[in-house]
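Colleague: Here's a sequence, model it:
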Amino acid sequence: MQPHPITQLIAGLCLAMTLCAASEAVAQDDGSRLEGSVRVGMEYDDNPLRLQTNDPRLESDDPRLAFLHDDPDMLARYFTTLDSTHRVGGRGQASLRVRHGGKFYRRTTEADAMLTQVLVAYRYRLAERLSLVFDADVKDRTERLSRLDYNRGGVRLGLGWAPEKWRLSARAGWRYFAYKPVAALSSQGPQFDALVRRYFTDTLAGQASYSLTERQFDDGRQDTFHVGRLGLVYRSDIFVDASYVLSINRSPLDSQDLTRHGMEVTLTAPLFEKFYGSSKLQLQRTAVAEESGPDALFFVDEENRNVVVMSLARPIGEQWEVEGRWSMYIEEFDDAQPTGGVQLDYSRQTFLLAVGWGFE
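Modeller: The predicted structure follows:
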């Protein structure tokens, strides 16, 4: 028997508060840093099951698909964060980053989901500007209906070098992706990534990065995924992050052989009466070698969509904040046409009103 959504919501909030309290209790006055937040809100979602428009399954008489619908719904949402950094001896620094959230719909309970992310990192200073770095991370999405569930993560070991006005790093490790509904679509393999950042001024920096991931599947198929990124970051009274992303997947399956161009821009700025606004724009265009296009696994996250997010927030006192946010996700610009001659586009909008509490 599934627990009631309100019970899950309360349990999640209690867990977050317990983590925050426990971490704060062990913090030492040695340069360590601890901060966290809890945010709750109500949201309107016009596509709870994240269906494509004109999906033929909506007209099916199959009783197993009776839950499918494209009606909007309201949901309760919570999100918690915890960031902790501690010195270890005279040369080491350990850090923990935790993100946990959940959403619970009023009617479309099949779409209820919880998301948890944990990152543990350690940096050891070998010399004045040279460090050994290690990190391990895991991200888990658990949905009541288990249509889009996954678990992914990995470990990496590398070196970081920080000469004046530069930051350079190179890491190698192992990554995995476990797709819960269809185990055959899970993969694992080695990964390498490198980053170069140049500080032009105290507020402006440019950076370039590259990652290479080998994805090995149980059926013997092996894909090679390349990602290159060029960007600028400006941090002052306003925050601007703009980048161009090129992604290339090479696969023995033509439907998975693709090239994607993307543009991402994030802006945060103070406005009036202590309000500040944030916006995010993500545009993508994908070219694939075969008309059928990538399988559903490629769209398991909405990070693989065109995205527009705009929010308006205002602090209340020292630790509280209210926020209103609008998000829109639409089909990316691509050359793929689904099989069967039916064009399946994607569209989803959400409106969130939330209140948050934070500490540091």
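
Colleague: surely V307 meets T266?
Modeller: No. V307 is beyond contact range of T266, at 10.8 Å (criterion: CB atoms under 8 Å). Glycine gets a C-beta too; all of them are placed from N, C-alpha and C.

Colleague: What mean pLDDT does stretch 278-287 get?
Modeller: Stretch 278-287 comes out with an average pLDDT of 92.

Colleague: whoops, I mixed them up, stretch 244-255
Modeller: 88.

Colleague: Can you classify S37 as helix, strand or coil?
Modeller: Following DSSP: H, G, I helix; E, B strand; the rest coil, the label given to S37 is strand.

Colleague: Pull the number of nearby residues for it.
Modeller: 18 (other CB atoms under 10 Å).

Colleague: What is the burial count for the residue lying closest to it once chain neighbours are set aside?
Modeller: For S37, ignoring the flanking residues on the chain, the nearest one in space by CB to CB, 6 or more residues apart in numbering is G358 at 3.7 Å. Under the neighbour criterion other CB under 10 Å, G358 is assigned a count of 16.

Colleague: tell me the secondary structure for G358?
Modeller: Under three-state DSSP, G358 comes out as strand.

Colleague: which residues touch it?
Modeller: Neighbouring residues of G358 by CB atoms under 8 Å, 6 or more residues apart in numbering: E35, G36, S37, V38, Q319, E321.

Colleague: got it, and R77?
Modeller: R77 neighbours (CB under 8 Å, 6+ apart): V40, G41, M42, E43, G101, G102, K103, F104, L352, A354.

Colleague: what do you get if the cut-off is 10 Å, keeping everything else the same?
Modeller: Applying CB atoms under 10 Å, 6 or more residues apart in numbering to R77 gives the contacts 9, 39-43, 45, 101-105, 350, 352, 354.

Colleague: Any idea what it is bridged to?
Modeller: Beta bridges link R77 to G41, K103 when assigned by DSSP bridges.

Colleague: So which residue is dead centre in the protein?
Modeller: Central residue of the chain (CA atoms, centre = their mean): E303, 7.1 Å from the mean position.

Colleague: buried sites along the helix or strand hosting T286?
Modeller: Using DSSP states H and E, T286 sits in strand 276-288. Neighbour counts over strand 276-288 (16 or more other CB atoms under 10 Å) mark Y276, S278, K280, Q282, L283, Q284, T286, V288 as buried.

Colleague: would you turn these into JSON lines with distance to E331?
Modeller: Formatted as JSON lines, the buried residues of strand 276-288 follow (distance: CB to CB, whole Å):
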{"residue": "Y276", "distance to E331": "31"}
{"residue": "S278", "distance to E331": "24"}
{"residue": "K280", "distance to E331": "18"}
{"residue": "Q282", "distance to E331": "13"}
{"residue": "L283", "distance to E331": "12"}
{"residue": "Q284", "distance to E331": "10"}
{"residue": "T286", "distance to E331": "10"}
{"residue": "V288", "distance to E331": "14"}
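
Colleague: May I ask which two of these are separated the most?
Modeller: Y276 and V288 (39.7 Å; CB to CB).

Colleague: hmm, back to that, following the strand holding T286, which helix or strand comes up?
Modeller: strand 306-316.

Colleague: Next, the buried residues of that following strand.
Modeller: For strand 306-316, by 16+ other CB under 10 Å, it's N306, V307, V309, S311, A313.

Colleague: re the thing from before, look up the closest residue to the residue nearest to the centre of the chain, ignoring the ones flanking it.
Modeller: Q282 (7.8 Å).

Colleague: For the one you found, name its beta-bridge partners.
Modeller: E264, V307.

Colleague: now the one 5 residues further on
Modeller: When assigned by DSSP bridges, A287 has beta-bridge partners T259.

Colleague: Pretty sure it sits against T259.
Modeller: Yes. With contacts counted by CB atoms under 10 Å, A287 reaches T259, the gap being 5.1 Å.

Colleague: who's the nearest residue to R152 once chain neighbours are set aside bridged to?
Modeller: Closest residue to R152 apart from its sequence neighbours, by CB to CB, 6+ apart: F177 at 4.5 Å. Counting by DSSP bridges, F177 is bridged to R152, S187.

Colleague: Count the residues that sit near F177.
Modeller: Neighbours around F177, by other CB under 10 Å: 20.

Colleague: go on, R123?
Modeller: By other CB under 10 Å, the burial measure for R123, its neighbour count, is 17.

Colleague: Please identify the helix or strand for it.
Modeller: strand 113-125.

Colleague: Which elements pack onto that strand?
Modeller: Helices and strands touching strand 113-125, as assessed by 3 or more CB pairs under 10 Å, 6 or more residues apart in numbering; DSSP states H and E, comprise helix 5-26, strand 73-88, strand 92-105, strand 130-143, strand 150-161.
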